[in-house]
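Asks: Give me coordinates for this.
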Amino acid sequence: MATSDLLRHQKINSLMAQPPEKVADAAIDLWGKMAIQIISIVGEGGFNSLYARSVFLTQASFPWLAPADLSSRQDQRFAQLKTSFAGQTPAQAGAANSLLLITFTDILATLIGEPLTTSILRSAWGNDASDSAGKEFTNE
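Replies: Next up is the predicted model:
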């Protein structure tokens, strides 16, 4: 695994390190911010395909994760994901979301390359979050 993959994974895990009562909201917030950036590049259909594949792959580890059925309404886009998380402990929800984000960003990096993926995540989640995962992530 490349260093940049590890840094991206560290960033995701650090962003999911939330107080238990905020895990589901933090997860949905991360997805919403990332979706805006990715949809602007690959369109809603492209994002939905990547998300559906990521959910499918993540369900092997977390079978309770609801199948991807994304709403076109931005405020409802991740309603099923939030419902899935609400039925789990904060630790389970956080672990599932970390794996789902890692799976999604790994697929994205395979398709468009690590530098563009890093740039998208930086735009979506900000440099402050990147700094917590390692300075190398922000300097790529």
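
Asks: gap between residue 112 and residue 38?
Replies: According to CB to CB, to the nearest Å, residue 112 and residue 38 sit 10 Å apart. For glycine as for every other residue, the C-beta is placed from the backbone atoms N, C-alpha and C.

Asks: Have a look at these two and say which one is more surrounded.
Replies: residue 38 (24 against 15; other CB atoms under 10 Å).

Asks: Would you mind giving the secondary structure of that one?
Replies: helix (DSSP: H, G, I helix; E, B strand; the rest coil).

Asks: Quick one: residues contacting it.
Replies: 46-47, 50, 108, 120, 124 (CB atoms under 8 Å, 6 or more residues apart in numbering).

Asks: again, only this time at 10 Å
Replies: 44, 46-47, 50-51, 104-105, 108, 112, 117, 120-121, 123-124 (CB atoms under 10 Å, 6 or more residues apart in numbering).

Asks: Now rank the residues you listed by neighbours and give me the top one.
Replies: residue 121 leads the contacts of residue 38 on contacts (other CB under 10 Å) with 27 neighbours.

Asks: which stretches of the protein form strands?
Replies: Using DSSP state E, no strands are found in the chain.

Asks: all helices of it, in order?
Replies: In chain order, the chain shows helices spanning 3-15, 23-58, 79-86, 90-112, 114-133, 135-138, with DSSP state H as the criterion.

Asks: Turn the ones you listed into CSV, columns for distance to residue 64 and mean pLDDT.
Replies: Compiled in CSV, those are given as follows (distance: least, CB to CB, whole Å; pLDDT from 0 to 100):
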stretch, distance to residue 64, mean pLDDT
helix 3-15, 20, 80
helix 23-58, 11, 92
helix 79-86, 6, 89
helix 90-112, 8, 94
helix 114-133, 26, 75
helix 135-138, 31, 41
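
Asks: which stretch among those comes nearest residue 66?
Replies: Residue 66 lies closest, by CB to CB, to one member of the helices of the chain: helix 79-86, at 4.2 Å.

Asks: Roughly how far does the residue nearest to residue 100 when sequence neighbours are not counted sit from residue 81?
Replies: Nearest non-adjacent residue to residue 100, counting by CB to CB, 6 or more residues apart in numbering: residue 58, 4.6 Å away. For residue 58, the distance to residue 81 (CB to CB) stands at 11 Å.
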